[in-house]
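Engineer: model this:
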Amino acid sequence: MGITVKNTTPDTTKVTLVGEMMDGSFDAKVMAETDVPYTKYWDNELEQRIVYLHPDPEQLKAIVAALNEGRLSLDALQDFGSSAGGESELPI
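Structural biologist: Residues are numbered from 1 along each chain as shown. So this is what the prediction gives:
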């Protein structure tokens, strides 16, 4: 089963900031591309990445759950983002 999430396009500025925490868990926040910090967003963050997806709140919860349960990798999620627009079906 998958969910279809809209990719961002050049005329939109929303991205998903995804963070991997030091305990191995993940968190994410949708924000304007211009609001992405150059420093850590979460205090206990190990890594953060910008993913060019604009999920709705329920889709974001499903994505974070899939990351935390190991059904989706951060690399695979980033591959789904695209600045070309359209939609991506995440296999989660």
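Engineer: Show the contacting residues for the most centrally placed residue in the chain.
Structural biologist: Compute the mean C-alpha point of the chain, and by CA atoms, centre = their mean the closest residue is residue 16, 4.2 Å away. Shown in contact with residue 16 (CB atoms under 8 Å, 6 or more residues apart in numbering): 28-30, 50-55, 60, 63, 81. In short, each C-beta sits where N, CA and C put it, glycine included.
Engineer: cool, and residue 32?
Structural biologist: Taking CB under 8 Å, 6+ apart, we find residue 32 in contact with 13-15.
Engineer: cool, residue 21 as well?
Structural biologist: The neighbourhood of residue 21, defined by CB under 8 Å, 6+ apart, consists of 27, 42, 44-46.
Engineer: and the helix ranked longest in the chain, average pLDDT?
Structural biologist: The longest helix of the chain (DSSP state H) is helix 57-68. Here helix 57-68 scores 96 as its mean pLDDT.
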